[in-house]
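Enquirer: Provided below for reference: sequence and predicted model.
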Amino acid sequence: MKTQTDKRPPKRHKLALLTFVGLLIPVYTIPPTLQSALPDHHLFSVIASVGLMVVFMSYLIMPLMNFLAGDWLRR
């Protein structure tokens, strides 16, 4: 049976740390990859890079990070 303490949101500093760790690989891989694929379209590659990072963070990386660090987040 769940208690009232199970419904507390995770601490902000823990979420910030997970976000930081989750962004490391996409920030260092996606922009250079798109820039080399589209060398003449800097603005488009920046917009596409940000869009891809937002999608990856929202639907892939953060759910995985929350699953893997779930116990630590809720302590």
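Expert: Cool, the structure landed.
Enquirer: Now residue 18. Nearest residue, chain neighbours left out?
Expert: Closest residue in space to residue 18, ignoring its immediate chain neighbours: residue 65 at 4.7 Å, by C-beta to C-beta, 6 or more residues apart in numbering. C-betas here are computed from N, CA, C, even on glycine.
Enquirer: How many neighbouring residues does the one you found have?
Expert: By the criterion of other C-beta atoms under 10 Å, residue 65 has 18 neighbours.
Enquirer: shift numbering so it begins at 11
Expert: Sure, I'll start numbering at 11, so the last one becomes residue 75.
Enquirer: Name the residues of the host helix or strand of it that are buried.
Expert: Assignment of secondary structure by DSSP states H and E places residue 75 within helix 72-78. Residues of helix 72-78 classed as buried by neighbour count (16 or more other C-beta atoms under 10 Å): 72, 75.
Enquirer: model confidence over that helix, on average?
Expert: Mean pLDDT, computed over helix 72-78, is 95.
Enquirer: by contact count, what packs against that helix?
Expert: On a contact count with 3 or more C-beta pairs under 8 Å, 6 or more residues apart in numbering; DSSP states H and E, helix 72-78 meets helix 22-47.
Enquirer: and the residue most central in space within the chain, what does it touch?
Expert: The geometric centre of the chain, computed from its C-alpha atoms, lies nearest to residue 67 (C-alpha atoms, centre = their mean), at 3.2 Å. Counting by C-beta atoms under 8 Å, 6 or more residues apart in numbering, residue 67 touches 29, 32, 33, 36.
Enquirer: ok, now residue 45?
Expert: Residue 45 makes contact with 52, 55, 59 under the criterion C-beta under 8 Å, 6+ apart.
Enquirer: Appreciated, that's everything.
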